[in-house]
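Asks: Build the 3D model from these lines:
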Amino acid sequence: MAESVRLHGGPDAFGVPRFDFSTNSNACGPCPAALVAVQAVDPTRYPDPGYQALREALAAFHQVAVERIVLAGSASEFIFRISALVAQRAGAMQSWSSDSELPQRLPRPAAVHLPLFHYGDYAQAACAWGLQAVTDPAEADLLWACDPSSPFGQSHDGLAQQVEALHSDQMLVLDCAYRPLRLEGRLALDVDGPNRVWQLWTPNKALGLTGVRAAYAIAPRGAGDQVEALQALAASWPVGAHGVAMLQAWTQPAAQDWLADSLQTLHGWKNRQLDLCHTLGWQTRPSDANYFVARPDRADSPDFGADLQRLRARGIKLRDAASFGLPGAVRLGVLAPEAQDALAQAWTSIRHQT
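Replies: Residues are numbered from 1 along each chain as shown. Down below sits the predicted model:
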């Protein structure tokens with residue numbers, strides 16, 4: 001179910017690419033207010049182990065009860081932790097069913113439902129904790145959704161219906177990694193929908209600070225037992241001082257105003273980048289976010305992988321969408337015009353040489 005190698009884009013064995021289209025970080029970043037906050041941190045001191053002030057700030061920002069806020073070292077850390085919780089709960093149920101003095105239930109491994117195309121760590125975590133992938137959402141203990149989706153950047157089809165069909169034993173996690181970077185379209189859930197699911201937030205992408213690892217989740221209403229169980233599975237101080245500073249800055253008007261302005265810039269850059277791809281003869285898929293999937297004009301060539309390596313040698317990195325189950329396609333984060341022009345020049349040069 002999971003790949004042997006985790007692919008996340010970004011730096012690789014050749015170092016940091018000059019023009020990195022392989023990540024979906026906000027190319028207008030870093031956010032000045034958030035960067036100043038991170039740089040001003042005193043790293044000689046532990047953060048508050050209970051993160052009380054941070055949790056209160058995040059709760060106020062989202063207008064939810066502070067008891068619903070769960071801090072995480074990163075989105076991936078939370079993905080693995082909640083998968084562990086689901087596996088643990090299934091193990092407890094199997095132990096319960098094996099007690100001859102209690103009514104019997106058929107023991108089974110915990111089940112997970114994954115979107116058809118999805119972030120690889122969902123499957124990695126499920127594999128690590130022995131969760132069985134199922135195609136029917138009704139059979140799943142844990143369900144994953146992402147809105148806007150990755151790699152396509154589109155609204156998560158059928159999410160509202162999935163939420164309506166949830167039963168009390170199921171946990172649905174809505175990955176909101178790219179929600180702050182939505183450039184158009186609308187949310188897949190109505191106003192009350194998010195109160196019925198887990199929301200996973202990773203502001204470092206929107207702030208252009210992906211090197212600062214910190215995230216948080218908002219629990220559904222009435223999920224106090226699940227919150228306590230997740231807290232019990234967490235290591236001490238899952239978020240360091242720099243992560244605390246970034247998340248605090250995220251809740252402030254200065255960061256949110258900068259983000260709103262950056263979305264206008266990204267929208268213009270995206271339109272330019274789409275036009276450039278079409279000029280190169282690339283096919284593109286619709287997207288609401290600051291990234292999109294494209295199929296280059298040489299995608300059917302046996303040398304397509306070599307073409308991507310030739311681009312990488314020129315300081316340009318694209319995300320091979322084969323890792324998402326889309327061979328012959330790439331996912332492109334939206335970058336500034338300078339990077340777009342470099343891509344066009346390099347691709348044209350490669351075509352002429354081969």
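Asks: From the centre of the chain outward, give me the first residue you hit.
Replies: With distances taken as Cα atoms, centre = their mean, Ala177 lies nearest the centre of the chain, 4.2 Å away.
Asks: buried stuff in the helix or strand harbouring Leu259?
Replies: In the assignment (DSSP states H and E), Leu259 maps to helix 253-279. For helix 253-279, a neighbour-count test (16 or more other Cβ atoms under 10 Å) marks 255-256, 258-259, 262-263, 266, 269-270, 273-274, 276-277 as buried. For the C-beta atoms, the positions are set from N, CA and C on the backbone; glycine is no exception.
Asks: Now render the residues you listed as JSON lines, adding distance to Glu139 and pLDDT.
Replies: Below are those laid out as JSON lines (distance: Cβ to Cβ, whole Å; pLDDT from 0 to 100):
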{"residue": "Ala255", "distance to Glu139": "41", "pLDDT": "98"}
{"residue": "Gln256", "distance to Glu139": "40", "pLDDT": "98"}
{"residue": "Trp258", "distance to Glu139": "44", "pLDDT": "98"}
{"residue": "Leu259", "distance to Glu139": "39", "pLDDT": "98"}
{"residue": "Ser262", "distance to Glu139": "41", "pLDDT": "98"}
{"residue": "Leu263", "distance to Glu139": "38", "pLDDT": "98"}
{"residue": "Leu266", "distance to Glu139": "39", "pLDDT": "98"}
{"residue": "Trp269", "distance to Glu139": "42", "pLDDT": "98"}
{"residue": "Lys270", "distance to Glu139": "38", "pLDDT": "98"}
{"residue": "Gln273", "distance to Glu139": "40", "pLDDT": "98"}
{"residue": "Leu274", "distance to Glu139": "39", "pLDDT": "98"}
{"residue": "Leu276", "distance to Glu139": "44", "pLDDT": "97"}
{"residue": "Cys277", "distance to Glu139": "40", "pLDDT": "97"}
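Asks: can you give me how far whichever helix or strand comes after the helix holding Leu259 is from the chain middle?
Replies: Downstream of helix 253-279, the next assigned helix or strand under DSSP H and E is strand 283-284. Centroid separation for strand 283-284 versus its chain: 23 Å, with Cα atoms, centre = their mean, to the nearest Å.
Asks: who does strand 283-284 touch, helix- and strand-wise?
Replies: helix 253-279, strand 291-295 (3 or more Cβ pairs under 8 Å, 6 or more residues apart in numbering; DSSP states H and E).
Asks: any idea how far stretch 61-80 is from the chain center?
Replies: 14 Å.
Asks: can you give me the helices for the stretch 1-150 of the chain?
Replies: Applying DSSP state H, counting those that start in this stretch to the stretch 1-150 of the chain gives helices spanning 32-39, 52-62, 75-97, 120-128.
Asks: What average pLDDT does stretch 298-315 get?
Replies: For stretch 298-315, mean pLDDT is 89.
Asks: And the strands in this structure, which stretches?
Replies: Taking DSSP state E as the test, the strands found in the chain are 19-20, 69-72, 111-113, 132-133, 142-146, 171-175, 198-201, 215-218, 283-284, 291-295, 316-317, 319-320, 330-333.
Asks: In a markdown table, list those strands along with distance to Ser301 and mean neighbour count.
Replies: Formatted as a markdown table, the strands of the chain follow (distance: least, Cβ to Cβ, whole Å; neighbours: other Cβ atoms under 10 Å):
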| stretch | distance to Ser301 | mean neighbour count |
| --- | --- | --- |
| strand 19-20 | 22 | 20 |
| strand 69-72 | 42 | 24 |
| strand 111-113 | 36 | 23 |
| strand 132-133 | 33 | 16 |
| strand 142-146 | 31 | 26 |
| strand 171-175 | 34 | 23 |
| strand 198-201 | 38 | 24 |
| strand 215-218 | 39 | 24 |
| strand 283-284 | 15 | 14 |
| strand 291-295 | 12 | 23 |
| strand 316-317 | 18 | 23 |
| strand 319-320 | 14 | 22 |
| strand 330-333 | 14 | 26 |
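Asks: got the ones you listed as a markdown table, with distance to Pro43 columns?
Replies: Below are these laid out as a markdown table (distance: least, Cβ to Cβ, whole Å):
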| stretch | distance to Pro43 |
| --- | --- |
| strand 19-20 | 27 |
| strand 69-72 | 18 |
| strand 111-113 | 37 |
| strand 132-133 | 41 |
| strand 142-146 | 33 |
| strand 171-175 | 29 |
| strand 198-201 | 24 |
| strand 215-218 | 20 |
| strand 283-284 | 43 |
| strand 291-295 | 32 |
| strand 316-317 | 30 |
| strand 319-320 | 32 |
| strand 330-333 | 30 |
